[in-house]
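S.K.: fold the following, please.
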Amino acid sequence: MKAVFAEAQRAHDPQMFLSSGAPKPCPEKPARIDALLGAVQRMGLEVQAPGDRGMEPLRAVHPDRYLTFLQGIHDRWRRIEGASPEVIPNVHPASRTDGYPKSAVGQAGFHMTDTSCPIGPRTWEAAYASAQTAVEATEVVLAGDRAAYALCRPPGHHCFAELAGGFCYLANSAIAAERLTRAGRRVAVLDVDLHHGNGTQGIFYERGDVLTVSIHAHPERFYPFFWGYPEERGRGAGEGFNLNLALERDTGDDGFLSALGQGLDAVARFGADTLVLALGLDAFAGDPFAGLAVTTEGFGQVGRMIAGAGLPAVIVQEGGYLCPELGDNLEAVLRAFA
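M.R.: Sure thing, here's the model as predicted:
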């Protein structure tokens, strides 16, 4: 199995985010790369840098208005007298069908769902490299490999078509799924991150050609709060093609693996021939976000169950934060595909 990684992903180094109204150090730091890359290297996987396929794969998911915003907002923000070093919005519209402002402050509120996606001077560079990493792994699978691992950072599954949020700026897993779909594949996105993949869900919510499945902590008391409920099944042409498997806090291996079995059954019923695995590792019992209680051994079983489905897989890194076992958890999953 090949792994794909771009050094430019280190460029994004957020200093803080707001949590419960208080500024706190941002846990989505470049050091995550070292733990994940170390696991890949221990496994002896071939690591390749992504090619640059330009904006076309991004435009397949994100409108130009949003991409223009991401590329230029930090420079515009820093021209505001007294502005913070990083772009963090302080105002949001009641609905994205409201007016679209010209103001940098207004556009930040329009395009950012929350205060946990600060934009710094090199955020675009890193997010662009992360998206290209997902695209490259997709091309590896389209060329015939059984699986490829995209070490994407910053992550992407909380990003909607034109909304950043939850440490995410470009929708890496959705970009991979859309590229596979346009290549003629029947694609299911299976998200095993602690947090609901609300951005991915939103992008495909009214479509029936991509199945989205998310296993996550129940949003009644956990981020992203407003999305991820079991009754969200899709809309219009997409009705019945979204499945949310919401788990109670502190659910361990047995409950998580039971939900995974349900998710894989849905993938089989859909008739998927290719899988995008949105691989969050923050369901781990020792992860700083402490929402679920999956063990390293449990992650090994997660990998074996998904690999056992026999589908080509683009494995896109999502969450999973600094703890001593982060690399071990990645290795436990990837061993099933290697």
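S.K.: CA atoms for contacts and neighbours, from now on please.
M.R.: Fine.
S.K.: pLDDT-wise, which helix or strand of this protein ranks last?
M.R.: The helix or strand of the chain with the poorest confidence is strand 16-19; it has a mean of 88 (mean pLDDT, DSSP states H and E).
S.K.: mind checking how far the next helix or strand after that strand is from the chain centre?
M.R.: Next helix or strand after strand 16-19 toward the C-terminus (DSSP states H and E): strand 22-25. On the basis of CA atoms, centre = their mean, to the nearest Å, strand 22-25 sits 22 Å off its chain's mean C-alpha point.
S.K.: quick one: buried residues of strand 22-25?
M.R.: When burial is assessed from 16 or more other CA atoms under 10 Å, strand 22-25 yields no buried residues.
S.K.: for it, packing partners?
M.R.: strand 16-19 (3 or more CA pairs under 8 Å, 6 or more residues apart in numbering; DSSP states H and E).
S.K.: which positions within the strand it packs on qualify as buried?
M.R.: Of the residues in strand 16-19, Met16, Phe17, Leu18 count as buried by neighbour count, 16+ other CA under 10 Å.
S.K.: burial measure for Arg233, as a count.
M.R.: For Arg233, the count of nearby residues is 19 (other CA atoms under 10 Å).
S.K.: what's the nearest residue to it if we skip its chain neighbours?
M.R.: Asn242 (4.7 Å; CA to CA, 6 or more residues apart in numbering).
S.K.: ok, now how distant is Gly165 from His158?
M.R.: 6 Å (CA to CA, to the nearest Å).
S.K.: my bad, Gly120
M.R.: Here the criterion is CA to CA. By it, Gly120 lies 18 Å from His158.
S.K.: and those two? Which one has more around it.
M.R.: Set Gly120 next to His158 and count neighbours by other CA under 10 Å: His158 wins out with 27 against 21.
S.K.: show the pLDDT at the more buried one.
M.R.: As predicted, His158 sits at a pLDDT of 98.
S.K.: surely it forms part of a strand?
M.R.: No: counting by DSSP: H, G, I helix; E, B strand; the rest coil, His158 is not found in a strand; it is coil.
S.K.: hmm, it is touching Gly197, no?
M.R.: Yes: between His158 and Gly197 there is a contact under CA atoms under 8 Å: 5.6 Å.
S.K.: in the protein, which spans are helices?
M.R.: 31-42, 56-59, 64-78, 104-111, 123-142, 172-182, 198-204, 253-270, 296-307, 326-334 (DSSP state H).
S.K.: which one of those helices lies closest to Cys152?
M.R.: Cys152 lies closest to helix 123-142 among those, at 4.8 Å (CA to CA).
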